[in-house]
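Predicted model follows, preceded by the sequence.
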Amino acid sequence: MGLEDRRDAEPEVYQPAEDSHLLADAACDGLADADENDRVLEVGTGSGYVAGRIDAETPARVVAADLNPHAVRQAREEGLETVRADLVSPFADAAFDAVVFNPPYLPTDPDNEWDDWMERALSGGEDGRAVIDPFLERVPRVLAPDGVVYLLVSSLTGVDDVVEEAGEHGFSAVAVADESFPFETLTVLELLR
């Protein structure tokens, strides 16, 4: 089943969009020198598009993770090693050389939220950082000492606020890619310790 068919088959799974392509391009560029011993985790894999690109374009071993059981199933069907996980909770300390994440980042009024898997894939809470902040707090545990994080953020969430939060968890941040749209600018941050 091709990607176009999947959009109809998996309506509860976030499918590739501009943010997915930007993150995949930046992560693949950043991991161009990876080798077969490097381990990469994609948190919130959705359709598995980003993890699939990293798997196809680098020699690194890729693990895809998502809380959404529909996303886990779709990523597995794409041939990816996939784990159902809330952020990084089931993974061992220092297990990954790189972690990639396209988090739910759209600021959402709590009165307008609905409880389904697509909402969880999109809604970043009132400030857009309801998932980003806990991720930044938890990801250092699973990251190898010289590891890197590729995190997609939106101008709607406040890139400077995300950089500041990352700094509070021991990361320095540099923007490695961005793309502007009429209502937001998407930025991929490379986070290093």
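It's in. Numbers count the residues shown, from 1 in each chain.

any idea how far R193 lies from G128?
Going from R193 to G128 by CB to CB, to the nearest Å gives 24 Å. Quick note: C-beta positions are derived from backbone N, CA and C, even for glycine.

ok, the two, which is more surrounded?
More crowded of R193 and G128, by other CB atoms under 10 Å: G128, with 23 against 15.

pull the helix or strand with minimum mean pLDDT from the protein.
Scoring the helices and strands of the chain by mean pLDDT, DSSP states H and E places helix 3-9 at the bottom, with a mean of 44.

On the strand side of things, show who V148 bridges to.
A98, L192 (DSSP bridges).

Who are the contact partners of it?
Residues in contact with V148 (CB atoms under 8 Å, 6 or more residues apart in numbering) are G30, D97, A98, V99, E190, L191, L192.

Nearest spatial neighbour of the residue nearest to the spatial centre of the chain, chain-adjacent residues omitted?
When CA atoms, centre = their mean is applied to the chain, the residue found nearest the centroid is F101 (1.6 Å). Residue nearest to F101 in three dimensions, not counting chain neighbours: V43, with 4.4 Å by CB to CB, 6 or more residues apart in numbering.

just the strands in this structure please.
In the chain, the segments counted as strands under DSSP state E are 39-43, 61-66, 81-84, 96-101, 143-154, 172-180, 185-192.

How many residues are close by P134?
14.

what's near enough to touch the residue lying closest to it once chain neighbours are set aside?
Nearest residue to P134 in three dimensions, chain neighbours excluded: L87, at 6.5 Å (CB to CB, 6+ apart). L87 is in contact with V43, V131, P134, F135, R138, V139, counting by CB under 8 Å, 6+ apart.
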